[in-house]
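J.: Please find the sequence and the predicted model below.
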Amino acid sequence: MPVLKEVPAEAQVISHRLMLRSGMIRQQASGVYSWLPFGLRALQNIIKVITRNMSKVGSLEMLMPCIQPASLWLESGRFENYGKEMLKFQDRHDNTLLFGPTNEDMITDVFRHNIQSYKDLPKNLYHIQWKFRDEIRPRFGVMRAREFLMKDAYSFDIDQAGAHKSYNQMYLAYLQTFHDMGLHVIPVVADSGVIGGDLSHEFHILAEHGESTIFYDKRFLHLSASKSLNMEEVGSLYAVAEEKHDFNNGNFLEDEIASSKSIEIGHIFYIGTKYSKAMKAVVNDSNGNLVPVEMCSYGIGISRLVAAIIEANHDEKGIIWPSSVAPFTVSILNLNMSDDKCNELSKILYDQLLASDVSVLYDDTEERAGSKFATHDLIGSPYQLIIGSKKGASDIVEVKNRKTGKIEELDINLVMKLFL
Ligand SMILES: Nc1ncnc2c1ncn2[C@@H]1O[C@H](COS(=O)(=O)NC(=O)[C@@H](N)CS)[C@@H](O)[C@H]1O
């Protein structure tokens, strides 16, 4: 965890600065990063929240390769017009390959080779895989990278009604997923762009350094944060991506609508038969006719989410991780490594927390107290257990809540109840 004291000059936004200072990432090339141990834990915790919610909605996890043959993209008809973001190369046999920016073409190929009957529908498959998009101007660290981690899911239905049902199920699953990450997400009506189709929503969080702008009913800001939004609440409120905002719309009064900078953390699309027609992914329907399947695709920017969560959860001292995705739930700060009592209390707590599957970081460095306080405020563990000689002598531990800053003194035998 190579923690930095000074702010790296190249970082323009707070999440990039904090990710560099807390030793989460290291840039290897423009828009291409290594994930150091501390950063990888955040990524893995975000994945856990996503996979739990994907399985709840019946989406089956699989894994497609990063490298794709150009032939699939030629078949789907979007090889030529995808644009300069596509990284293409030749292999030793002169085959044209590409580093996948997305997987609609490939998942359609997987589907058509394995499913031929309406009886096997609906089907929903997803994978979590690194993508490459040769962005003309990567920036803000992993927020807009060239190699980035995405969860992309794809649903297959026999008809449009089925596809809209799948779409709505995943829409709600997205609201729950982002809620579980401690995020206040605003779903907005959006464009489908190069992916295709005519029904699409993006999921945004408000952030002063976000690259997007959304327009939304101010009532979104007062919806309860205690539970995820429901269809009725969301369906009735105006919320659109910038390209969809009708500045002359008479349906609402200007003072009811807010616009903010935001970060797009997810995007879902109804894509219909764009790929299944082009690639002949057809199934027998109940009358024995061959019909192209109706598809939707659903993306979440996992690596972008690490930065987005930090943008939405920090203060002047550093990161304030939501408990569900914190790399470590607890930091133990032993303030005096030469005091046997401090070492004993620290070890008791460390062993008890590990035994209870609570992720814990034990700071047993020789750093002085002030430096430990600064480091653990920076890296943002939701709880700090501070073990000092004076109070330690009578088995008292200081428990600091990073979010509220509140410190309470607890007898060591009462500490564990906070985490069980
Ligand atoms: N350059 C990038 N760096 C980091 N995250 C990105 C980047 N481009 C897109 N994302 C994330 O990936 C999500 C999905 O990307 S997307 O283009 O909107 N959708 C798709 O690719 C569809 N195949 C969804 S399955 C976005 O909402 C965003 O959160």
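T.: Received the coordinates, thanks.

J.: Compute the distance between Val415 and the ligand, please.
T.: 38 Å (CB to the nearest ligand atom, to the nearest Å). Glycine gets a C-beta too; all of them are placed from N, C-alpha and C.

J.: What's the local residue count around that residue?
T.: Val415 has 19 neighbours, counted by other CB atoms under 10 Å.

J.: Residue numbers of the stretch 301-420 of the chain in contact with the ligand?
T.: 301, 303-304 (CB under 6 Å from any ligand atom).

J.: Can you flag the buried ones in those?
T.: By neighbour count, with 16 or more other CB atoms under 10 Å, these hold 301, 303-304 as buried.

J.: Make TSV from those and add secondary structure to it.
T.: Output for those, formatted as TSV (DSSP: H, G, I helix; E, B strand; the rest coil):
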residue	secondary structure
Gly301	strand
Ser303	helix
Arg304	helix
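
J.: quick one: which of those residues is nearest the ligand?
T.: The closest of those to the ligand turns out to be Gly301 (CB to the nearest ligand atom; 2.4 Å).

J.: That closest one pairs with what?
T.: Under DSSP bridges, the beta-bridge partners of Gly301 are Met150.

J.: Does it touch Met150 like I think?
T.: Yes. Counting by CB atoms under 8 Å, Met150 is a contact partner of Gly301 at 6.0 Å.

J.: how close does the closest residue to Gln352 other than its chain neighbours sit to Ile348?
T.: What sits nearest to Gln352 in space, not counting adjacent residues and going by CB to CB, 6 or more residues apart in numbering, is Met416, at 5.3 Å. In this view, Met416 and Ile348 are 10 Å apart by CB to CB, to the nearest Å.

J.: again, but for Lys119
T.: 58 Å.

J.: Would you map the strands across the stretch 51-200 of the chain?
T.: 60-61, 67-69, 87-90, 96-99, 123-132, 147-157, 186-189, 199-206 (DSSP state E, counting those that start in this stretch).

J.: Direction included, what does the helix or strand just after the last one pair up with?
T.: Translated: strand 199-206. Where DSSP states H and E defines the elements, the next helix or strand beyond strand 199-206 is strand 212-217. If you go by DSSP bridges, strand 212-217 pairs up with strand 239-241 (antiparallel), strand 257-272 (antiparallel).

J.: of all those strands, which lies closest to the ligand?
T.: Of these, nearest to the ligand by CB to the nearest ligand atom is strand 257-272, at 3.2 Å.

J.: for this structure, which spans come out with low pLDDT?
T.: Applying pLDDT under 70 to the chain picks out residues 196, 224-226, 249-252.

J.: swap the cut-off to 90 and go again
T.: 5-10, 191-198, 209, 219-238, 244-256, 420 (pLDDT under 90).

J.: interface residues of it facing the ligand?
T.: 102, 104, 133, 135, 144-145, 148, 150, 152, 195, 264-267, 297-299, 301, 303-304.

J.: Return the set of buried residues in stretch 369-388.
T.: For stretch 369-388, burial by neighbour count (16+ other CB under 10 Å) applies to 372-373, 375-388.

J.: again, but for stretch 187-196
T.: 187-192, 195-196.

J.: want to throw the residues you listed into TSV with distance to Ile396?
T.: Below are the buried residues of stretch 187-196 laid out as TSV (distance: CB to CB, whole Å):
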residue	distance to Ile396
Pro187	47
Val188	50
Val189	55
Ala190	54
Asp191	58
Ser192	59
Ile195	57
Gly196	62
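
J.: Closest one to the ligand out of the residues you listed, please.
T.: Looking across the buried residues of stretch 187-196 and measuring by CB to the nearest ligand atom, the closest to the ligand is Ile195, at 5.2 Å.

J.: quick one: contacts for the closest one?
T.: 102, 104, 269, 271, 297 (CB atoms under 8 Å, 6 or more residues apart in numbering).

J.: nearest spatial neighbour of the second one, skipping sequence neighbours?
T.: Counting by CB to CB, 6+ apart, the nearest residue to Glu104 once its immediate chain neighbours are dropped is Tyr275, at 5.2 Å.

J.: Tell me the secondary structure at the one you found.
T.: Applying three-state DSSP: Tyr275 is helix.
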